[in-house]
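K.L.:
Curious how this folds, go ahead:
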Amino acid sequence: MYNFRQYLKMGGNVVLGDQAAQRIDLQKLVRSEIVPVLYASLKSINQAFQRDTGLSLWSDDLIDSKKFLSGSAFHFFNLEAIGDKEFSSVKKSVGDLDTKVPDAMSPFIKKWLDSHHGDTYGDLTLIGYKESVGQYITLWRSEKLGQNIQIDMEQLPFIDGLPTTWAEFSHSSEWEDLQQGLKGVAHKYLLRALNAKDLQKVLIRMKSGKEKEVMSATTAFSVSGVRQKLEPIAGKNGQEIKNGLPVFRELSTSETGFNTNLDDIFILYFGHEPSESEKKQMWSFTGMLQLIKKHYNKSQYMQIADGFANTLWGSSAQVLYRDDPEKDLEEKTVMMDVLCHTLGLPTARWDALKRSFYK
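P.N.:
Just a heads-up that it's a prediction; the model follows:
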């Protein structure tokens, strides 16, 4: 079942021609010496983009706060709050540096990148880029590090020069999770898995009139937000029931859109408006597990865990690293182990699923 076509870009993997990104090895390089060089180079890139286009990728306030950085890159650059030893004890190397850019500027960014291959900004020289869904994956040569660095420009919604709350949330990676060996994607996988507790056998009626029996929840989570994916078909006395199954039609994303209001999403999953502490918990994998413990029962724990395992190792699961199934297994197993330890569940339940995935 393991299929490299399912590859999900992570961790500094881009290859352009004969040039490949390399991870920043913090066992050999000093973080507090590297970060100022990279930070100055990113500011230089921003200044050049502004000079050439009249537009800013990042406002001065955004650069000063470093909140133009996504995921673990924010913590990597946060020298004031996290010391070198503390960081390297959690992450011994760093792959791609994730940055947030305004999605409205996408065509300008593409044109700028096309025009500046081989140009140098601070310590970084642009080798090239490739487009992926919702981002530009750029490759740069660092003279100081003597290696290639991958910098991802994630196209996200901005308002008044700042990423929206949803842009922050959907690309977050909390330090408390990193300390547990958890990538930011674990948090998003868990939010997806919450829908597994509501799986039921339903009958889907298509436009052609044909019907199919499936297991499905009526809502779905993605990095675009939460949406209603099934609509009940009305019968004589409420929803139509056929052969003992409720009948639905599938809704397209153009019909439903996505709800990105975090309070609404919390209410959907947990049934009440969140307190301030619950809002904070919602941002991390470990915090979400505490919310699950508080609001759900043991049977629901197992349903969520099954959904989470299927996200990690099911038929449509994605791999985290190109050509490295061992690292994929290692990092996903950490995610599963933390979930099981917190919720008091056995880990062996999904061993066969794992084995099947890596065949």
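K.L.:
Output the contacting helices and strands for the lengthiest helix in the chain.
P.N.:
As assigned by DSSP state H, the longest helix anywhere in the chain is helix 31-53. Helix 31-53 is packed against helix 60-65, helix 71-77, helix 84-90, helix 106-115, strand 120-121, strand 124-132, strand 135-142, with contacts defined by 3 or more CB pairs under 8 Å, 6 or more residues apart in numbering; DSSP states H and E. All C-beta spots, glycine's among them, are computed from the backbone N, C-alpha and C.
K.L.:
Go through these and name the closest to residue 307.
P.N.:
Set against residue 307 and scored by CB to CB, the helices and strands packed on helix 31-53 come closest in helix 71-77, at 23.1 Å.
K.L.:
And that closest one, how far out from the chain middle?
P.N.:
Centroid separation for helix 71-77 versus its chain: 14 Å, with CA atoms, centre = their mean, to the nearest Å.
K.L.:
Likewise for stretch 307-320?
P.N.:
14 Å.
K.L.:
List the buried residues of that stretch.
P.N.:
Judged by neighbour count (16 or more other CB atoms under 10 Å), stretch 307-320 contains these buried residues: 307, 308, 309, 310, 311, 312, 313, 314, 317, 318, 319, 320.
K.L.:
Phi, psi for the residue of the chain positioned farthest from its centre please.
P.N.:
Within the chain, residue 236 marks the point farthest from the mean C-alpha position, 43.3 Å out by CA atoms, centre = their mean. The phi/psi pair for residue 236 (degrees, to the nearest 10) reads phi -70, psi -40.
K.L.:
Please renumber the chain so that the first residue is 14 from this point on.
P.N.:
Sure, I'll start counting at 14 from here, so that last one is residue 249.
K.L.:
related to what we said a few turns ago, export the helices and strands packed on helix 44-66 as CSV, with columns for mean neighbour count.
P.N.:
CSV is the format used below for these (neighbours: other CB atoms under 10 Å):
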stretch, mean neighbour count
helix 73-78, 14
helix 84-90, 22
helix 97-103, 15
helix 119-128, 14
strand 133-134, 17
strand 137-145, 18
strand 148-155, 21
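K.L.:
and of those, who's closest to residue 267?
P.N.:
helix 119-128 (20.0 Å).
K.L.:
From the contact counts, what lies against that closest one?
P.N.:
helix 44-66, strand 137-145, strand 148-155, strand 160-169.
K.L.:
Touching it from outside, list them.
P.N.:
62, 65-66, 68, 70, 114, 139, 142, 144, 149, 151, 166, 168 (CB atoms under 8 Å, 6 or more residues apart in numbering).
K.L.:
wait, which of those residues is closest to residue 28?
P.N.:
Nearest member of those to residue 28, counting by CB to CB, is residue 142, at 12.2 Å.
K.L.:
so what's the closest one bridging to?
P.N.:
Counting by DSSP bridges, residue 142 forms beta bridges with residue 151.
K.L.:
Touching, residue 214 and residue 226? I think so.
P.N.:
Yes: assessed by CB atoms under 8 Å, residue 214 is found in contact with residue 226 at 6.6 Å.
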